[in-house]
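[1] my questions are about this predicted structure, shown below with the sequence.
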Amino acid sequence: MSTYVIGDLQGCFTPLLKLLEQIQYDPDADSLWFAGDLINRGTECLQTLRFVSSLGAKAKVVLGNHDLHLLAVAHGFATLKRGDTLLNILQASDRDELMEWLRQQPLCHYDPDFKVIMTHAGVPPCWDIEQTLRLSREVESVLRSDQLEEFLQVMYGNKPDTWSEDLTGMDRLRAITNYLTRMRFCRADSKLDLKSKEGPATARKGYAPWFLQPSKLPQETRVVFGHWAALEGITNTPNIYALDTGCVWGGALTALRLDDNQRFSTPCNLA
C-alpha cells in the first residue's frame, strides 16, 4: 500500500498510463494524489479528466490554474487561448458532469499522518498550515456555490499582489487563488511577481522562489507542488518537492512516493 503524488498531467494520458505501469500501481491498495493542471496543452485532455474523476475517493486532487481556466471557459467567462486543447472536453457528452466534478475539488490538501501539504503552486511564506487550509476553503466554498459564475468573471488578474487579512470580496478570493495556483516568485513579505515564469536565476531584485523565503510551516512539513516546469523538479530545498517536470513539453511525468520520498519518472516524448 503506497501513496504517490503525480505532477502536472496537462492532458498527457498515455504517459500517465506508462507511469502507473512503472510504479506497478494497484488501484485496490495504492492512493494517487494529483498536483493540479490535469488538463490543457496536451492532446488527451478528455481521457485524462475522465480517468482522474473516475478514481473517486482513491485520488486526491487539487486545482491548478489550467483547471480553473477550463471552468471559466465552460461557463462563458473566458475564451480559448492559442495553444489551449480543451475543445474535446467542452464538446463531450459528459461535459456537465466533468465540470461539476471539477468545481468540487479543493485547492489544498493536507495529510497530517504524512505531514504533507499539496497545492498546485506552493505555500506562500506568510501562511502556516491552518491558514492555508482555511483560505483555500474560502475559494472552494465559492466554487461550489451559486457564486461560481460571479467569481469566474473576475478571477483573472495580478492584483492584489500582497496578502492581507483585510482583503475582502473578490479581491480576497483572487489573491488566494493566485497564491495557490500561480505563484512562483515572491518577496519575503509574500508580495508576488506573477509575470516572471522562467527558472530561479531569473528572479527580479528583491524576489526569490517562494520556497527560498522564510516560511511559517513547521520544519518537518513536506510541500508537494507542480506548476513550475522550469524548475525541472529541482528545488535544492529540504522537504520541498517540485513535481512538474514538463511532460507536455517533451520532458517527463514524475511521481513521488510519499512513503519513502522515492521519485519515479517516465519520458514524455510526444512527437
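    Right, received. Where do you want to start?
[2] pick out the residue closest to the middle of this structure.
    H120 (2.3 Å; C-alpha atoms, centre = their mean).
[3] next one: it from F225, what distance?
    Distance, H120 to F225, using C-beta to C-beta, to the nearest Å: 6 Å. C-beta: built from backbone N, CA, C; applies to glycine.
[4] what sits in contact with each of those two?
    Common contacts of H120 and F225, defined by C-beta atoms under 8 Å, 6 or more residues apart in numbering, comprise A35.
[5] hmm, back to that, test my guess that the residue nearest to the centre of the chain contacts L38.
    No. Checked against C-beta atoms under 8 Å, the pair H120 and L38 is beyond contact range at 10.2 Å.
[6] okay, the closest residue to R103 other than its chain neighbours: pLDDT?
    Nearest non-adjacent residue to R103, counting by C-beta to C-beta, 6 or more residues apart in numbering: L143, 4.8 Å away. The per-residue pLDDT reported for L143 equals 98.
[7] and if you look at the one 5 residues further on?
    Per-residue confidence at L148 stands at 98 (pLDDT).
[8] tell me the contacts of R95?
    A74, I89.
[9] residues near G83, how many?
    7 (other C-beta atoms under 10 Å).
[10] secondary structure element for it, which one?
    Of the helices and strands defined by DSSP states H and E, none includes G83.
[11] surely it is in contact with G42?
    No. Here G83 does not reach G42: they are 10.8 Å apart, not a contact under C-beta under 8 Å.
[12] helices of the protein, start to end?
    Using DSSP state H, the helices of the chain run over 13-22, 45-54, 65-74, 87-90, 95-103, 129-143, 148-154, 169-181.
[13] tell me what angle the longest one forms with helix 65-74.
    Spelled out, it's helix 129-143. Relative orientation of helix 129-143 versus helix 65-74 (axes from the mean of the first three to the mean of the last three C-alpha atoms, to 10 degrees): 20 degrees.
[14] what's the answer for the second one, then?
    For helix 45-54 against helix 65-74, the angle by the same axes, to 10 degrees is 110 degrees.
[15] chain center to helix 45-54: distance?
    16 Å (C-alpha atoms, centre = their mean, to the nearest Å).
[16] could I have that helix exported to CSV, CA atoms only?
    Extracted in CSV, the C-alpha atoms of helix 45-54 (Å, rounded to 0.1, in the frame of the first residue of the first chain):
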residue,chain,number,x,y,z
CYS,A,45,-7.4,16.1,-22.1
LEU,A,46,-10.8,14.4,-22.2
GLN,A,47,-9.4,10.9,-21.4
THR,A,48,-7.3,12.4,-18.6
LEU,A,49,-10.1,14.2,-16.9
ARG,A,50,-12.4,11.2,-17.2
PHE,A,51,-9.8,8.8,-15.8
VAL,A,52,-8.9,11.0,-12.8
SER,A,53,-12.5,11.8,-12.0
SER,A,54,-13.4,8.0,-12.2
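[17] good, we can wrap up now.
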